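[1] pasting the sequence and the predicted coordinates here, then a few questions.
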Amino acid sequence: MKKRAPSGRKEHGRGRAPTSGARRRPEKGSLTKYRELRDFSRTPEPGPKKAARPRVQPEGRAGAGAECRFVVHRHQARHLHYDLRMQAGDALVCFAIPRGFSYDLKERHLAVHTEDHPLEYEWFEGVIPKGEYGAGTMTVFDRGTFLLRGKGDLRAALAAGKLEIVLCGLRLRGEWHLVRTGEDKDEWLILKTRDGRETARPEIAFELDLRAARLEPAPSRLRRMEPAAAGRAFDSAEFVFEAEHPGRRLFAIKRGGSIEWRDGQGSKVDLDCGAVEAALKRCRTGEVWLDGVLVACDEQGLESRAELECALGTGVKRPVSYHAIDVVRIEGWNVAPLPLKDRQRLLESLLPENSASLTVESGVAADGELFCRKAVEFGFAGVVAKRLSSPYQEGRSRDWLRIRLSAKRPGKKSIARLLQAATRGLSPARAITHSNKVYFPDCGITKGDVFRYYEQVGEVLVQHLRGRPLHLHRFPDGIEGESFYQKHLPASAPSFIRSRRWKDEEGRAFLVCEDLRTLLYLVNLGSIDFHPWMSRVDAPDQPDFAVLDLDPKQAPFTDVVRIARTLGKLLAGVGLKALLKTSGSTGMHVYLPLTRGYSYDQSRMLCEALARHVVREHPDIATVERNVAARGAKVYIDYMQNRRGQTIAAPYVVRPVPGARVSTPLSWDELRTGLDPSEFTIVTVPSRLRERRDSFVSSLSDGQDLSAALPKLERLLR
């Protein structure tokens, strides 16, 4: 019988590998730990001696002559994380990265060095059975080649405590550094470096599935895609509707620091567009082929083809801008076979931020008739309807349809104003697209089901979001697909969204959800749950509640109940009112409403004192140990959430876990031993909310002064 994983590590696959410090291990023995942790009669994982599957050379390139392979697995164990595995001789060096890869230069994500894996693991996908080490679903998230910066090999870099790697995969492309923290030989940090692909906006991270793309040489000529004629305006969830600009449609090609223009037949065009070309050079990639329209406006602000030709032909200094409508190539990849919706996401990820000279063409999905009516009012001569599932194909196609309009009056042809006017007319019921897409495969719940749930509880939920900077967790393809966090406002957001924002001291715009319409718009973007700050925009450094997050990991939920009861009694004993809700996953949240004036440092110190007292009361089931591996099967009382910029799942939000659970407020009387958090779902919570008044909102607005309670608490803790 093979040895099993140490207690508390089964679900995460983070067994401690032999030291990667100064002593270099022989590669032949590097798989000993891997072999000891697994029973190969039960797990489908490849054994170290299993014959290797023939490996196809990577389509991507990590550098001249680079042949080292990497693979990233999406490991859906008890908690989702990503496993980076890099070839080092006859084995794969592995890191578990709980929060995945970030393109933000300021973010530092934990990476845990785990045991080496055999090379055959590059091709492994499957379900590791319950009870086995790393139990859960393992799928390939990305694979390709990597380049190691500096001198020496990967083992030497591991021993030195710093890896500088350039990944060239189907999704992950760019340079990251892995640095050992020094606190623990297996705990590292992974961080993005400046390479042109970095961004502080998660929603434009350069990450897209390119498996349907083709790596091939650049064509000598490329004909553009042209729309066919449509009879009249129509509505369809399969299409997005864009205004047609009176300008000059051209391919813009960036190769390194040079810009080249081509017409619709692929012939080169000589142009002098200084500001546009400067913006194109700031695209977050070394090579890209864009399809777009050059436009210029006259003195009245109307887009004019004559004004454009005058600006280009005579050198008259009028502002010229380029509206990118599509992308067809990137870094050697022909992305034309990808569906339009994916090319649009890729396009948004590539273009520089805050550029007036280079923008992404925006449109309205589904509601073509309304968009066309508004386009007429704004003086546009045509609208193009584009099928979201269509590839980019040369020549005329019925996947793109031109709808000719008869303008009633000339107007200022502002796309932003047109989108604002068109979107204002949408009713919440019509604002959803792809309603039949399955979001929760385990129970068949669709995007439409989630949308309808938020329609029912939205008015209550918005009260918990209003006035607070908001972080989104977006799942465009459901909980088993790719996801990403978004905390900054995208430049392409409709104006009714852009008007609801708050800028911090560094000028970064955060979204603030003020009404049901905004909430439903965000749900339609694929947002499943919502995480607001604990403070508001008018006092961002002063939280109006503190929170203790009870995270059981592998501990039983009955222990969470016991700890919550102890906290409730402790706070009641010093005269403070506390609120309780399920986290929506496996834990619970205890809220402590505060009056304005306390800092985050004060709220965190208060929560730390409470947490440590509970640990002294229940040392067998509670811990404040941040190291996951050192917690064992104890409930982690997290007081570190009480910091500026940190968030917590709001009451009544759906959580991205099987069963479509909801983070649900509870009365203290409901805190019973048999309480089951899986009872609270999008199916059961709406009726519960109708029957029970939401006490959270009124209690959070009724903050508490701590001056009378603190002396009592201090005496109690002594």
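    Cool, got the structure.

[2] where's the spatially closest residue to G363 that is not a sequence neighbour, which helix or strand?
    Excluding its sequence neighbours, the residue lying closest to G363 (C-beta to C-beta, 6 or more residues apart in numbering) is E242, at 3.8 Å. To be clear about C-beta, it is placed using only N, CA and C from the backbone, and glycine gets the same treatment. For E242, the host element (DSSP states H and E) is strand 236-243.

[3] now do the strands in the stretch 601-718 of the chain.
    622-623, 635-638, 665-666 (DSSP state E, counting those that start in this stretch).

[4] mind giving me the packing neighbours of the longest one?
    Spelled out, that is strand 635-638. For strand 635-638, the elements it packs on are strand 545-551, helix 557-573, helix 600-617, strand 622-623, judged by 3 or more C-beta pairs under 8 Å, 6 or more residues apart in numbering; DSSP states H and E.

[5] what's in contact with the third one?
    Read it as helix 600-617. 534-535, 541, 543, 546-548, 563, 566-567, 570-571, 592, 594, 622-624, 637-640, 642-644, 706, 713, 716-717 (C-beta atoms under 8 Å, 6 or more residues apart in numbering).

[6] PyMOL command for the buried members of these?
    Here is the PyMOL command that selects the buried residues among the contacts of helix 600-617 (16 or more other C-beta atoms under 10 Å):
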select buried, resi 534+535+543+546+547+548+563+566+567+570+571+592+594+622+623+624+637+638+639+642+706+713
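
[7] per-residue confidence at L340?
    We have a pLDDT of 90 for L340.

[8] distance of it from R171?
    According to C-beta to C-beta, to the nearest Å, L340 and R171 sit 19 Å apart.

[9] same check on G274?
    G274 is 34 Å from R171, by C-beta to C-beta.

[10] which of those two has more neighbours?
    Each of G274 and R171 has its neighbours counted (other C-beta atoms under 10 Å); R171 has more, 20 against 11.

[11] before we move on, back to that, what's the average pLDDT for the strand holding E242?
    Mean pLDDT, strand 236-243: 85.

[12] return the helix or strand following it as CSV; C-alpha atoms alone will do.
    Remark: after strand 236-243, the chain's next helix or strand is strand 248-255, criterion DSSP H and E. The C-alpha trace of strand 248-255 is given here as CSV (Å, rounded to 0.1, in the frame of the first residue of the first chain):
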residue,chain,number,x,y,z
ARG,A,248,-11.3,55.0,-44.2
ARG,A,249,-11.2,51.3,-43.4
LEU,A,250,-7.6,50.0,-43.2
PHE,A,251,-5.5,47.3,-41.7
ALA,A,252,-3.0,48.6,-39.1
ILE,A,253,0.0,46.2,-38.6
LYS,A,254,2.4,46.6,-35.8
ARG,A,255,5.7,44.8,-35.9
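
[13] contacts for whatever helix or strand comes next after strand 248-255 next, please.
    The helix or strand immediately downstream of strand 248-255 is strand 258-262, counting by DSSP H and E. Surrounding strand 258-262, the residues in contact under the criterion C-beta under 8 Å, 6+ apart are L222, L250, F251, A252, I253, K268, V269, D270, L271, E277, L280, K281.

[14] just the buried ones from these?
    Of these, these count as buried by 16+ other C-beta under 10 Å: L222, L250, F251, A252, I253, L271, E277, L280.

[15] tell me the contacts of the first one?
    L222 makes contact with F251, R262, G266, W289, V328, E394 under the criterion C-beta under 8 Å, 6+ apart.

[16] from these, which one has the minimum pLDDT?
    For these, the least confident entry is G266, with 84.

[17] state the distance from the residue nearest the centre of the chain to F440.
    Residue closest to the mean C-alpha point of the chain, counted by C-alpha atoms, centre = their mean, is F484 at 1.1 Å. Counting by C-beta to C-beta, the gap from F484 to F440 is 18 Å.
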